[in-house]
Every structure is written in C-alpha cells, then in structure tokens.
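Trainee: I need the structure of the sequence given here:
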Amino acid sequence: MADDKTKAGGTDRQRINVNEDYELRGWATKFNVTPEKLKEAVKAVGTSADAVEQHLMQSSR
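Mentor: The predicted structure follows:
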C-alpha cells in the first residue's frame with residue numbers, strides 16, 4: 001500500500017522506505033549518514049529502523 005501523504009506525522013518510525021526521497025533524506029539525517037550508506041544498510045539488514053540503526057552503529061566502530 002502506498003503512503004498516504006495527506007496524513008501528517010513524519011516518516012513511519014518502524015520501517016525505512018529508501019524508494020521515497022523524503023524518507024531516504026529524513027532517515028539519513030536521523031542516523032547522520034549519507035543516503036548511499038543508508039541504502040547499503042537497508043540492503044544488508046532489511047527495512048526495520050531498529051535493525052538499520054544497530055547495523056550502522058556497529059559498522060561505525
């Protein structure tokens with residue numbers, strides 16, 4: 001199902017959709033990474049925001 005952009009509330013706080021530019025930019029900013037790095041993390045661990053955050057934290061060590 002497509003995002004309903006008429007409903008305010010920011011990005012889905014549990015899933016990352018790298019195919020939506022506004023979500024890609026928002027999550028990249030939140031995690032302080034480039035959009036490319038975010039896409040790599042999503043490819044590695046899936047769309048779960050928690051899993052991506054963990055992956056990014058571990059890879060930054």
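
Trainee: any regions of the chain where pLDDT drops low?
Mentor: Across the chain, the ranges flagged by pLDDT under 70 are 1-12.

Trainee: how about the helices of it, start to end?
Mentor: Secondary structure of the chain by DSSP state H: the helices cover 21-31, 35-45, 49-59.

Trainee: ok, residues contacting the second one?
Mentor: With contacts defined as Cβ atoms under 8 Å, 6 or more residues apart in numbering, helix 35-45 is touched by 16, 18, 24-25, 27-28, 31, 33, 51-52, 54-56, 59. (Each C-beta comes from the backbone N, C-alpha and C, glycine too.)

Trainee: from the residues you listed, which would you call buried?
Mentor: Neighbour counting by 16 or more other Cβ atoms under 10 Å classes Ile16, Val18, Leu24, Trp27, Ala28, Phe31, Val33, Val52, His55, Leu56 among those as buried.

Trainee: with adjacent residues omitted, what lies nearest to Thr34?
Mentor: Of all residues not flanking Thr34 in the chain, Ala28 sits nearest, at 6.3 Å (Cβ to Cβ, 6 or more residues apart in numbering).

Trainee: was I right about that neighbour contacting Asp21?
Mentor: No - if you go by Cβ atoms under 8 Å, Ala28 and Asp21 don't touch, sitting 10.5 Å apart.
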